[in-house]
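[1] after the sequence you'll find the predicted model.
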Amino acid sequence: MKQKNSRKHSYKVGLGYDIHHLVKGRKLFLGGVKIAHGKGLDGHSDADVVLHAICDALLGALGKGDIGEHFPNIDLKYKGISSLVLLEKVNKIVQDDGFSIGNIDTMILAEEPNLKAYKPKMQGTIAKTLGIDPSCVSIKATTQEGIGFGSTHEAIAAYATVLLVKC
C-alpha cells in the first residue's frame, strides 16, 4: 500500500561513511585540518574521510546520492582538491533545497595518530566552512582496540550523521 504524504518533511537525517588507506608520501587531512603524521590518506582528492562522510550524510539526507556521483574520482578537476571545497559545494545543495544544518555528529576510527588535540580545530573549521555554530558540530575519535578491519594501522575511517531542518 502506497503511503500518501502531501506535506513536506520539516526534518531530514543522513548517514555517511568513508575509509581510505594510509600511505607514505601524502599529507594527512581530517576534518579540514592538516594532521602531523608520517602518512596521509590515499585518494583522488585530499582524501579527508571526515569531510567525505559529512558530505555523504548531507547528500543522503536530501536523497541526492553520494559524493562520488557529484564529484567523481575520474574527473581531473577534482584531482587533489581540498575536501573543504567539496563540503562548501554540498552545503550549497542543502541550502538550495531549502534546508539548514541542525547538527553534525562524527566518529573517526583511527589507530593512529592520537587526534585529541586536533578535534577542537576540526570542529571550528567545519563550522566555519558551513556557516554554523561550532556547538552544532561534534567530533569524536576512537580506536578499534586492534580488533577487526581497520585496526591494523592501514586505514582511517569516519562516520557522520546529520540533521537537516527545513528553512
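    Sure, I can see it.

[2] where do the helices sit along this structure?
    49-62, 67-70, 83-96, 119-130 (DSSP state H).

[3] output the contacting helices and strands for the second one.
    Looking back up the chat, that one is helix 67-70. helix 49-62, helix 83-96 (3 or more C-beta pairs under 8 Å, 6 or more residues apart in numbering; DSSP states H and E). No exception for glycine: its C-beta is placed from N, CA and C like everyone else's.

[4] list the buried residues for that helix?
    Across helix 67-70, burial judged by 16 or more other C-beta atoms under 10 Å covers 67, 70.

[5] contacting residues around it?
    18, 52, 55-56, 59, 64, 86, 89-90, 93 (C-beta atoms under 8 Å, 6 or more residues apart in numbering).

[6] save the helices and strands packed on helix 67-70 as a markdown table, and put in mean neighbour count, mean pLDDT and distance to Ser135 too.
    Shown next, in a markdown table, are those (neighbours: other C-beta atoms under 10 Å; pLDDT from 0 to 100; distance: least, C-beta to C-beta, whole Å):
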| stretch | mean neighbour count | mean pLDDT | distance to Ser135 |
| --- | --- | --- | --- |
| helix 49-62 | 26 | 98 | 16 |
| helix 83-96 | 18 | 98 | 18 |
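
[7] with respect to Gln144, which of these lies nearest?
    helix 49-62 (14.4 Å; C-beta to C-beta).

[8] need the helices and strands packed on helix 67-70 in TSV with distance to Ile35, can you?
    Below are the helices and strands packed on helix 67-70 laid out as TSV (distance: least, C-beta to C-beta, whole Å):
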stretch	distance to Ile35
helix 49-62	10
helix 83-96	13
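
[9] I am finished for the moment; much appreciated.
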